[in-house]
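> Could you look at this predicted model? Sequence included:
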Amino acid sequence: MPWSMYHWLETYALLRDELGDERRFRWEDGLPWPTTASPRPAAGRVHNIPTWDGMATFRWANLRP
């Protein structure tokens, strides 16, 4: 779910400079990057899932070099 992705991305953003190379690689390998699982909004309804997905995608884009 996108709200879970956002929290893990934010945690990684806070910790990545403190992680060693091996641990950073494991984090990057294990993170559910938003581009791999993007939920689609239900037709005709407004829901918070697309908002969380957008936040996670934005955060991800700003984490990548």
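Perfect, thanks for sending it. Numbers count the residues shown, from 1 in each chain.

> Which residues belonging to stretch 58-65 are considered buried?
Of the residues in stretch 58-65, those buried under the neighbour-count criterion (16 or more other C-beta atoms under 10 Å) are 59-60. Glycine gets a C-beta too; all of them are placed from N, C-alpha and C.

> For that stretch, C-alpha coordinates in CSV please.
Extracted as CSV, the C-alpha positions of stretch 58-65 are listed here (Å, rounded to 0.1, in the frame of the first residue of the first chain):
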residue,chain,number,x,y,z
PHE,A,58,7.5,12.6,-5.3
ARG,A,59,9.7,11.5,-2.3
TRP,A,60,11.3,8.7,-4.3
ALA,A,61,12.1,11.1,-7.2
ASN,A,62,13.8,13.4,-4.7
LEU,A,63,15.9,10.6,-3.2
ARG,A,64,17.4,9.4,-6.5
PRO,A,65,20.6,11.0,-7.7
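
> Quick one: list the elements packing against the helix or strand harbouring D53.
In this structure, D53 sits in helix 49-63 according to DSSP states H and E. Judged by 3 or more C-beta pairs under 8 Å, 6 or more residues apart in numbering; DSSP states H and E, the packing partners of helix 49-63 are helix 2-15.
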